[in-house]
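1. can you look at this prediction? I've put the sequence above it.
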Amino acid sequence: YSQGHVAGFCVSCPESPDTVLTDMREIGPTYFFAPPRVLENLLTTVSIRMEDASRFKRWLYARCMSLARRWGPAILDGKPVPLVARVGYALADLVILGPLRNVLGFSRVRVAYTAGEAIGPDLFRFYRSLGVNLKQLYGSTETSVLVCIQPNGQVKLESVGTPATGVEVRISAQGEVQVKSPGVFRGYFKAEAATADSMTPDGFFRTGDAGFFDEDGHLRIIDRAKDVGRLHDGTLFAPKYLENKLKFFPFIKEAVAFGDRRPFATAFVCIDLAAVGNWAERRSLPYTGYTDLASQTPVHELVRACVEEVNAALAADPRLKGSQLRRFLVLHKELDPDDGEL
């Protein structure tokens, strides 16, 4: 609301979560702001449609996206790129990337921001590879939203950027991110005890998030401080980080990771009924509903392949390689807010 008032632009909201894709194409926004879940759903829609495409179209999409992932972010940031790569990217943009941006409603977007929870680096890379200037914001209601923002040309996949002007950010001895700025709130309404708990004696707001600054001064958020734990061997365990990597795959809708004070990391997985159902139909795999589909061995093998890809990525990270997922469970039902599970 405040951005619209200050900058003087028209704010449009989707009619419902199910109509986001249609609304995006109808509105053709120049500025886009949404939580990662919306971006995940859009990517899942693309993945389902590509699975139904002809073999040649799938091959062409894979080749163009491979080229886009390699050179797209660098071209978007204005970095030096070989002429051959620029020409190849321009051709990919003509046949695949441009039409895909149009289908997603991103053809006119100049800048896009995501915030609200951590976004998986693979999901982030996908949109930037397409040529969408997607960046991350970090903040909270108590800090008037803006704490950190990713500057143009300095976008890192796993950071939330550098502190905004006038904002002081520090990391406590326990690894918690703490903030001090003119935008920090005065207190919770009629909740003096909660206000006192949320502030340090020297006026910093306790965000409750765990993070650290990298060598370039960019803030990296690992997880909620209360959720970050350790495995038995002392390995860092950040459940949200693992869950986001799993949810990048279109076949996985929700994931819940466990591992604090345990010998190894595990996860509950909820499949995406639309994506897995489409996958099953193309393989003539009969099913009667979610529970039946989630119980089938081919689906377990499909999820296993996703888990193994996540483990391969974790193995390359010195801080998190010990938190690779050793076991997973495909739940027989979707997690439902009405049942209190979310």
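-> Looks like it came in fine.
2. when you work out contacts or count neighbours from here on, use the C-alpha atoms and nothing else.
-> Noted.
3. please save the CA atoms from the longest strand along the chain in CSV.
-> Across the chain, the longest stretch assigned as strand under DSSP state E is strand 205-213. Taking Å, rounded to 0.1, in the frame of the first residue of the first chain, the C-alpha atoms of strand 205-213 are listed here in CSV:
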residue,chain,number,x,y,z
PHE,A,205,14.6,-5.5,17.2
ARG,A,206,15.0,-9.3,17.5
THR,A,207,13.8,-10.7,14.2
GLY,A,208,13.8,-14.3,15.3
ASP,A,209,15.7,-15.2,12.1
ALA,A,210,19.1,-16.9,12.0
GLY,A,211,21.6,-15.7,9.4
PHE,A,212,25.1,-14.4,8.7
PHE,A,213,26.9,-11.9,6.4
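4. what comes into contact with it?
-> Contacting residues not belonging to strand 205-213 are listed as 140, 143, 171, 175-180, 184, 198-200, 219-226, 228 [C-alpha atoms under 8 Å, 6 or more residues apart in numbering].
5. out of those residues, which sit inside helices?
-> Among the contacts of strand 205-213, DSSP state H puts S198 in helices.
6. are any of the contacts of strand 205-213 buried, and which?
-> For these, a neighbour count by 16 or more other C-alpha atoms under 10 Å gives the buried set as 143, 171, 175-180, 184, 198-199, 219-225, 228.
7. just the ones of those in strands?
-> Reading strands off the buried ones among the contacts of strand 205-213 with DSSP E, I get 171, 176-180, 219-224.
8. of these, closest to L314?
-> Lowest distance from L314 to those (C-alpha to C-alpha) belongs to I222, with 13.8 Å.
9. correct me if wrong: that closest one contacts L242.
-> No. Using C-alpha atoms under 8 Å, I222 makes no contact with L242, being 10.1 Å away.
10. what mean pLDDT does the longest strand of the chain have?
-> For strand 205-213, mean pLDDT rounds to 90.
11. cool, and stretch 145-161?
-> Regarding stretch 145-161, the rounded mean pLDDT is 87.
12. just the C-alphas of it, formatted as CSV.
-> The C-alpha trace of stretch 145-161 is given here as CSV (Å, rounded to 0.1, in the frame of the first residue of the first chain):
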residue,chain,number,x,y,z
VAL,A,145,9.1,-4.1,5.9
LEU,A,146,12.4,-3.0,4.4
VAL,A,147,15.6,-4.2,6.1
CYS,A,148,17.7,-5.6,3.3
ILE,A,149,17.3,-5.3,-0.5
GLN,A,150,19.2,-6.7,-3.4
PRO,A,151,20.8,-3.9,-5.5
ASN,A,152,20.8,-4.2,-9.3
GLY,A,153,23.9,-6.0,-10.5
GLN,A,154,24.5,-7.5,-7.1
VAL,A,155,21.9,-10.3,-6.9
LYS,A,156,23.0,-13.4,-5.2
LEU,A,157,20.8,-16.5,-5.3
GLU,A,158,21.1,-17.3,-1.6
SER,A,159,21.3,-13.8,-0.1
VAL,A,160,18.6,-11.2,0.7
GLY,A,161,20.9,-8.3,-0.2
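13. buried ones in it?
-> Result for stretch 145-161 [16+ other C-alpha under 10 Å]: buried residues 146-150, 155-161.
14. if you average the pLDDT over the helix ranked longest in the chain, what comes out?
-> Looking across the chain with DSSP H, the single longest helix is helix 55-76. Helix 55-76 shows an average pLDDT of 92 in the prediction.
15. i'd like the first residue to be 264 from this point on
-> Got it, the first residue is 264 from now on, which makes the last one we talked about helix 318-339.
16. which secondary structure elements does it sit against?
-> Judged by 3 or more C-alpha pairs under 8 Å, 6 or more residues apart in numbering; DSSP states H and E, the packing partners of helix 318-339 are helix 299-314, helix 346-355, helix 384-392.
17. do a quick rundown of the strands in the stretch 464-605 of the chain.
-> 468-476, 482-487, 492-493, 499-500, 515-521, 528-534, 588-593 (DSSP state E, counting those that start in this stretch).
18. can you redo those as TSV with distance to R364?
-> Converted to TSV, the strands of the stretch 464-605 of the chain look like this (distance: least, C-alpha to C-alpha, whole Å):
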stretch	distance to R364
strand 468-476	33
strand 482-487	28
strand 492-493	39
strand 499-500	36
strand 515-521	23
strand 528-534	26
strand 588-593	33
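19. for V309, which of these is the nearest?
-> Smallest distance to V309 across the strands of the stretch 464-605 of the chain (C-alpha to C-alpha): 14.4 Å, for strand 515-521.
20. let me know the angle separating the closest one from helix 299-314.
-> 130 degrees (axes from the mean of the first three to the mean of the last three C-alpha atoms, to 10 degrees).
21. what's in contact with strand 515-521?
-> For strand 515-521, the surrounding residues in contact (C-alpha under 8 Å, 6+ apart) are 502-503, 505-507, 509-510, 528-535, 566, 598.
22. list buried residues within these.
-> The neighbour count (16+ other C-alpha under 10 Å) marks 502-503, 505-507, 509-510, 528-530, 532-535, 566, 598 as buried among those.
23. before we move on, back to that, which parts of the longest helix of the chain are buried?
-> Neighbour counts using 16+ other C-alpha under 10 Å place 324, 327-328, 330-332, 334-339 of helix 318-339 among the buried residues.
24. please apply the same query to stretch 563-571.
-> In terms of neighbour count (16+ other C-alpha under 10 Å), stretch 563-571 has its buried residues at 563, 566-567, 569-570.
25. good, we can wrap up now.
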